[in-house]
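Novice: Predicted model follows, preceded by the sequence.
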Amino acid sequence: MKKILNYINGKLLEPVANKYLDNFNPATGKVYSLIPNSDEQDVEQAIAAARSAFEGWASLRNTERAEWLEKISEGIERRTAELALAESIDNGKPLWLATSVDIPRARDNFKFYSTAIRHYASESHQTAEGVINYTLRKPIGVAACISPWNLPLYLFSWKIAPALAAGNTVVAKPSEVTPMTAYLLSEICVEIGLPAGVLNIVHGLGHSTGNALISSDNIDLVSFTGGTATGAHIAKIVAPKFKKMSLELGGKNPNIIFNDCDFEAMLNTTLNSSFANQGQICLCGSRILVERGIYQKFKDAFVAKVENMKVGDPMSDDSRLGAIVSKIHYDKILSYIDLAKEEGGTILVGGNSVQLDGEHKDGWYIAPTVIEGLDRQCRVNQEEIFGPVVTIQPFDTEEEALALANSTGYGLACTIWTNDLKKAHRLGDKVDSGIIWINCWLLRDLRTPFGGMKNSGVGREGGWEALHFFTEPKNICIKYT
Ligand code: NDP
């Protein structure tokens, strides 16, 4: 059975205590590899390696670090097919999705930051004749980067690339649920000869390995993407030490649909924004709010399309949805479907697990599910489910749509469908979300600020925001007359 190894100080290493965890293939429900169950010793080794590599890495020119990032990007490009297959097996997502989105995006994250750092500049302000302020933006030190399982390599690289580009060294922990592509990334780093200690990847459980990493006094900043409860726990540990922190957390995103939208474009995109990656994207719209005039038309058309979405083997090109990432998560999603029934909801389509045949009979599959009739305040409309489950709710006025959209503790992303420009701008301005899409969804530009408000997080990733986060500004004022 394949054994994943830690990547510390340029070497692929067994965990010090030689303990391993099972890694499951969600499509079959079977263990298919082992991953290190790393403890504090591994974490501290990785931090020490990152610390001793820091000075050398930070003192490289931006263009030299950019070249290393390009080499990583090219390494990902060379191994795209292998990485996509690994991502699909590890996560349960359709292979076509990993091939067309996850891996190209991971490649592009390194490519993007290899170019961004070449163009990154700090400010200077002439205060008066003979007085100038200039700002240095210095790398900070050892960055702890922790990422979730839903877009494994894509989100892992979204942190690592800007951290390295800015001149920090990194200790990263991928989710224990989906470690494989992070391991393959470490192989790529070995292949290209990335200087030892610049990037270290330690595998293991969140509450032990992850906790040891964020609790260490020897790291300098934390970039975390994951659930809101984990984010709160990390903040409690890291904030009193006054270390920089970026927290990208959960969402309960509204998808607001007005009578005057382009119905077909809205319908097709709403299928994606509801169920892409089995609904396990933090940006998926899980609360669909529809203006009364087209509510029935939308409901009929949406349900008919959802009924035809195939749940199947992730390797198969015609599977629209693959497997749910883990048994724990599968049970959680099904428990929310039960809760929806208790809370008085009507299941319009789905609402059940799906059993496939043959080697997939023990895999974790759930039918795309649409629920109506739930109150805005009920738990199913308030809590993040993070699966192929959406609710639909009618509204009568723009004010009501806004109140519904803002009625949760989250504020990550929102989609608005209308052809009325003024209304689109008004709502875009007023909805409490860090990211608003109007007449589109997941149309990404890596230069834009990415992140949420309220319980969806603190700080922003993307573009200059990430480079600002991963550097410390120092202002120098000089009087030269
Ligand atoms: P978790 O919060 O459970 O885990 C995220 C990462 O943190 C994992 O690597 C996990 O390790 C690790 N972790 C868990 N506990 C600790 C701890 N005490 N100390 C340090 N690290 C820890 O989230 P999920 O993996 O379940 O991911 C799903 C969540 O991520 C959803 O809420 C989703 O909305 C959110 N998300 C947010 C995004 C955003 O940009 N805002 C983007 C994508 C997802 P392990 O898995 O090994 O336990």
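Specialist: Looks like it came in fine.
Novice: for the longest helix anywhere in the chain, what is the average pLDDT?
Specialist: In terms of residue count, the longest helix belonging to the chain (DSSP state H) is helix 40-58. Averaged over helix 40-58, pLDDT sits at 98.
Novice: can I get the CA coordinates of it in PDB?
Specialist: Taking Å, rounded to 0.1, in the frame of the first residue of the first chain, the C-alpha atoms of helix 40-58 are listed here in PDB:
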ATOM      1  CA  GLU A  40       5.100  17.600  17.800                       C
ATOM      2  CA  GLN A  41       8.500  16.200  17.000                       C
ATOM      3  CA  ASP A  42       7.900  16.200  13.200                       C
ATOM      4  CA  VAL A  43       6.300  19.600  13.400                       C
ATOM      5  CA  GLU A  44       9.200  21.100  15.300                       C
ATOM      6  CA  GLN A  45      11.700  19.500  12.900                       C
ATOM      7  CA  ALA A  46       9.800  21.100  10.000                       C
ATOM      8  CA  ILE A  47       9.700  24.500  11.800                       C
ATOM      9  CA  ALA A  48      13.400  24.300  12.600                       C
ATOM     10  CA  ALA A  49      14.200  23.500   8.900                       C
ATOM     11  CA  ALA A  50      12.000  26.400   7.700                       C
ATOM     12  CA  ARG A  51      13.700  28.700  10.300                       C
ATOM     13  CA  SER A  52      17.200  27.900   9.100                       C
ATOM     14  CA  ALA A  53      16.200  28.300   5.400                       C
ATOM     15  CA  PHE A  54      14.600  31.600   6.000                       C
ATOM     16  CA  GLU A  55      17.500  34.000   5.800                       C
ATOM     17  CA  GLY A  56      18.800  32.500   2.500                       C
ATOM     18  CA  TRP A  57      15.400  32.400   0.900                       C
ATOM     19  CA  ALA A  58      14.400  35.900   2.100                       C
END
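Novice: Give me the domain ranges for this structure.
Specialist: The chain resolves into domains spanning 2-249+457-479, 253-454 when parsed by automatic domain parsing.
Novice: how about the ones you listed in JSON lines, adding distance to the ligand and mean neighbour count?
Specialist: No exception for glycine: its C-beta is placed from N, CA and C like everyone else's. Output for these, formatted as JSON lines (distance: least, C-beta to the nearest ligand atom, whole Å; neighbours: other C-beta atoms under 10 Å):
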{"stretch": "domain 2-249+457-479", "distance to the ligand": "2", "mean neighbour count": "20"}
{"stretch": "domain 253-454", "distance to the ligand": "3", "mean neighbour count": "19"}
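Novice: So which residue is smack in the middle of this structure?
Specialist: When the chain is reduced to its mean C-alpha position, the nearest residue by C-alpha atoms, centre = their mean turns out to be residue 155, at 4.7 Å.
Novice: and it, what is it in contact with?
Specialist: 147-148, 225 (C-beta atoms under 8 Å, 6 or more residues apart in numbering).
Novice: separation between it and residue 474?
Specialist: Residue 155 sits 30 Å away from residue 474, taking C-beta to C-beta, to the nearest Å as the criterion.
Novice: swap in residue 181?
Specialist: With distances taken as C-beta to C-beta, residue 181 is found 36 Å from residue 474.
Novice: Residue 178 contacts residue 329, doesn't it?
Specialist: No - when contacts are counted by C-beta atoms under 8 Å, residue 178 is not listed as touching residue 329 (11.3 Å).
Novice: Let me see the residues that make contact with stretch 354-361.
Specialist: By C-beta under 8 Å, 6+ apart, stretch 354-361 touches 27-28, 311-313, 363, 365-367.
Novice: Greatest separation within the residues you listed: which pair is it?
Specialist: Maximum pairwise distance in the contacts of stretch 354-361, criterion C-beta to C-beta, is 18.6 Å, between 28 and 367.
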